[in-house]
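**Student:** A structural model of the following input is requested.
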Amino acid sequence: MSDVISNMQKAFDKPLKQFGTDNSIIIALENIDAPTDTNTPYIAGFMLGGDINSADLSVNESLDGIYQIDVNYGSHTGSSKANTMIDKLRAKFPIGSYFYFGGDCFGVDSMTVTPLPVNNGWAQKSISLTLSAFTARL
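**Tutor:** Next up is the predicted model:
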C-alpha cells in the first residue's frame, strides 16, 4: 500500500470520469477545469483525506477515507436535475461496492447526501463516500 492514498483517489476518479462521459456532464477532478458559467452544469470529485491506522490481528494497516462528489447546477434550475444526478451517482457507487487501482481494493462503506445550498449562482448537492482499504498480513 505504498501509493494507497493516490490509488484510492484514482480508483474513484476513473469511474467518475466515465460517469461524466456516459451522462454527458463535465467532470472536474479536484476542481481542475471547473466551469465558471452557471449555465454549464458539472460534477467535481475529490478526496477529503484519509486516516491510516496500525495493524490488528488480520491486517498490516488499514485506511479510511472520504471521496466527495459535488453536483453543480445553476441556482435558477431547481433541485430536480441535481437530485436525479445524485441518484445516478448512488447507483454508480453503491454501498458495499469495491473499486480497484494499482492492485489496491477500496470499499464503499457508507454515504452521505447533503442539502442543496446556493452560493455564487450555483446550487451544489454533494455525495460523500466513506471508504476503507487494508493490506493483508503476510
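**Student:** ok, now which ones touch the closest residue to Met111 other than its chain neighbours?
**Tutor:** Across the structure, with CB to CB, 6 or more residues apart in numbering as the measure, the residue nearest Met111 apart from its sequence neighbours is Leu129 (5.3 Å). Where you see a C-beta, it was placed from the backbone N, CA and C, and this is true even at glycine. Contact analysis of Leu129 by CB atoms under 8 Å, 6 or more residues apart in numbering lists 12, 66-69, 93, 108, 110-111.
**Student:** now swap in Ala44 and tell me
**Tutor:** Taking CB under 8 Å, 6+ apart as the definition of contact, the neighbours of Ala44 are 27-31, 34, 69-70, 72.
**Student:** residue boundaries of the strands in the chain?
**Tutor:** 26-29, 42-53, 59-74, 98-101, 104-113, 118-119, 122-136 (DSSP state E).
**Student:** let's have the ones you listed in TSV, adding mean pLDDT and distance to Ile5.
**Tutor:** TSV is the format used below for those (pLDDT from 0 to 100; distance: least, CB to CB, whole Å):
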stretch	mean pLDDT	distance to Ile5
strand 26-29	96	15
strand 42-53	85	5
strand 59-74	87	8
strand 98-101	93	11
strand 104-113	94	10
strand 118-119	92	29
strand 122-136	88	10
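**Student:** what's the local residue count around Lys81?
**Tutor:** Residues near Lys81, counting by other CB atoms under 10 Å, number 16.
**Student:** having no further points to raise, I will conclude here.
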